[in-house]
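Colleague: Next one to model:
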Amino acid sequence: MGNLGRAPSSGNCTYEANFQYQLFPAVYTIVFVLGLTGNVSALCIFIKKTKKASPSFIYIANLIVVDIIYICTLPFRIHYHMKRNNWVFGDVTCRITGTLYYANIYLNVTFLSLICVDRYIAVVHPRKYLRMRGSRVSRAVAALVWLLALAVMLPLVTGGTLNNAGTGNSTACFENFDAKTWSKKMAAYNIIAFLFGFFIPFTIIIIFYPLAARKIARLKSSVHRDKALRMIWAIMVISILCFVPYHITHFFYLFARLEVIEDCAFRSFLYKSRRVTMALASLTCCLDPLIYFFATNKFRPKYSTKRGSQKVYSVALR
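Modeller: Numbers count the residues shown, from 1 in each chain. This is a model prediction of the structure:
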């Protein structure tokens, strides 16, 4: 986390990326328009057409809510970067919008991993899945995810000022932390977020989705099978494209801010790369509607018994 705004400095090494003042407003505007349209439309469809929500639908509905909350903060970010990273909305708004930026990334990955586990059980253990469909487990899991997210976010929102003096007369938001803040506070948040908000969920995605895809690919060719495979690969592409570059770059950037990495040129490269990957990560709000499209297709489990054996159909998405 940290450093959403103007380039920090460390010792004699100063980071700058002037392209961010055009990059962020352009990308965030696209995300705001397309993401808000896609997610609000998806939410209306879910509310209107989904009578009995499956576990996947519950997780996808939460994913929609996560995206919409994040998108609503983007006008503040667009203004901030257009004004060359000068925050004029006050400290409390800085804390809330800055925290929600990172909450969107980690909640997104978490709910995608939960969809992954649900799809895996539906394909590999269909009998067990049918028994679980009517349970409240998925709602309880989704509620637990939100509670854990709030437990992490509240200390950031209530833990003191997160805006401070930027370059010149500007006010920076969620950046320019000194070395003590990085080592005492921000480092711990970053490590916990990386481990539990990205590494574990993403590991689940790259393990279980290929297993589910392999199982589906063995089924007799059908529209159901092909659409199910597209949903799986859509989630894989979104996860790899939007989240992997950001977390790899941010992982090394953390060590740069802790001065474990001392080379100034490499630090500067990490800073610029991180700006690009931060913008890239926000595009997930535009790509997530692809998941909703595949999920709203009425795929239902079909079984046939031959000599006492069960033949698995396609994948159950409702």
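
Colleague: In this structure Val137 contacts Pro55, no?
Modeller: Yes. Counting by CB atoms under 8 Å, Pro55 is a contact partner of Val137 at 7.2 Å. Every residue, glycine included, has its C-beta placed from N, CA and C.

Colleague: Name the nearest residue to Met231, sequence neighbours excluded.
Modeller: In this structure, Met231 finds its nearest non-sequential neighbour in Phe294, 3.5 Å apart by CB to CB, 6 or more residues apart in numbering.

Colleague: May I have the residues that are in contact with Gln202?
Modeller: Heads up, residue 202 is Phe, not Gln. By CB atoms under 8 Å, 6 or more residues apart in numbering, the contact set of Phe202 is Val109, Ser113, Ser239, Phe243, Val244, His247.

Colleague: The same query, at a cut-off of 10 Å, please.
Modeller: For Phe202, the residues meeting the contact criterion (CB atoms under 10 Å, 6 or more residues apart in numbering) are Val109, Thr110, Leu112, Ser113, Cys116, Ser239, Ile240, Phe243, Val244, His247.

Colleague: What of Ser282?
Modeller: With the criterion set at CB under 10 Å, 6+ apart, Ser282 makes contact with 24, 27-28, 30-32, 35, 70-71, 74, 77, 101, 104-105, 242, 246.

Colleague: Which of those residues fall within helices?
Modeller: Mapping those onto helices (DSSP state H) picks out Phe24, Val27, Tyr28, Ile30, Tyr70, Ile71, Leu74, Arg77, Tyr101, Asn104, Ile105, Tyr246.

Colleague: shouldn't the first one be in contact with Phe76?
Modeller: It stands for Phe24. No. In terms of CB atoms under 10 Å, Phe24 does not count as a neighbour of Phe76; the distance is 11.6 Å.

Colleague: Among the two, which residue is more densely surrounded?
Modeller: Phe24 (23 against 20; other CB atoms under 10 Å).

Colleague: now that one: how far from Asn86?
Modeller: Phe24 sits 13 Å away from Asn86, taking CB to CB, to the nearest Å as the criterion.

Colleague: Kindly give the local confidence score, pLDDT, for the residue nearest to Met231.
Modeller: Turning to Phe294, the model gives it a pLDDT of 70.

Colleague: Tell me how many other residues surround it.
Modeller: If you count neighbours by other CB under 10 Å, Phe294 ends up with 20.

Colleague: and the host helix or strand of it, what does it pack onto?
Modeller: Element membership of Phe294 [criterion: DSSP states H and E] is helix 289-295. Counting by 3 or more CB pairs under 10 Å, 6 or more residues apart in numbering; DSSP states H and E, the packing neighbours recorded for helix 289-295 are helix 36-49, helix 55-71, helix 91-124, helix 223-238.

Colleague: residues making contact with the first one?
Modeller: With CB under 10 Å, 6+ apart as the test, helix 36-49 has contacts from 53, 57-58, 60-61, 63-72, 74, 285-293, 295-296, 298.

Colleague: hmm, 7 Å instead?
Modeller: The contact list for helix 36-49 (CB atoms under 7 Å, 6 or more residues apart in numbering) reads Phe57, Ala61, Ile64, Asp67, Ile68, Ile71, Cys285, Cys286, Pro289, Tyr292, Thr296.

Colleague: what pLDDT, on average, does that helix get?
Modeller: Model confidence over helix 36-49, given as mean pLDDT, is 84.

Colleague: Next, the angle from it to helix 55-71.
Modeller: For helix 36-49 against helix 55-71, the angle between stretch directions is 140 degrees (axes from the mean of the first three to the mean of the last three CA atoms, to 10 degrees).

Colleague: what comes up buried for helix 36-49?
Modeller: Neighbour counts using 16 or more other CB atoms under 10 Å place Leu36, Gly38, Asn39, Ala42, Leu43, Phe46 of helix 36-49 among the buried residues.

Colleague: how far out from the middle of the chain is stretch 197-217?
Modeller: For stretch 197-217, the separation from the chain centroid amounts to 16 Å (computed by CA atoms, centre = their mean, to the nearest Å).

Colleague: hey, C-alpha coordinates of that stretch in CSV?
Modeller: Below are the C-alpha coordinates for stretch 197-217, written out as CSV (Å, rounded to 0.1, in the frame of the first residue of the first chain):
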residue,chain,number,x,y,z
GLY,A,197,-5.0,-10.9,-0.1
PHE,A,198,-3.1,-12.1,-3.1
PHE,A,199,-0.6,-15.0,-2.8
ILE,A,200,-3.0,-17.6,-1.2
PRO,A,201,-6.1,-16.7,-3.3
PHE,A,202,-4.1,-16.6,-6.5
THR,A,203,-2.5,-19.9,-5.7
ILE,A,204,-6.0,-21.4,-5.4
ILE,A,205,-6.9,-19.9,-8.8
ILE,A,206,-3.9,-21.3,-10.6
ILE,A,207,-4.3,-24.7,-9.1
PHE,A,208,-8.0,-25.4,-9.1
TYR,A,209,-9.1,-23.7,-12.3
PRO,A,210,-6.8,-25.8,-14.6
LEU,A,211,-8.0,-28.9,-12.8
ALA,A,212,-11.7,-27.9,-13.4
ALA,A,213,-10.9,-27.0,-17.0
ARG,A,214,-9.2,-30.3,-17.6
LYS,A,215,-12.3,-32.1,-16.2
ILE,A,216,-14.7,-30.1,-18.4
ALA,A,217,-12.5,-30.5,-21.5
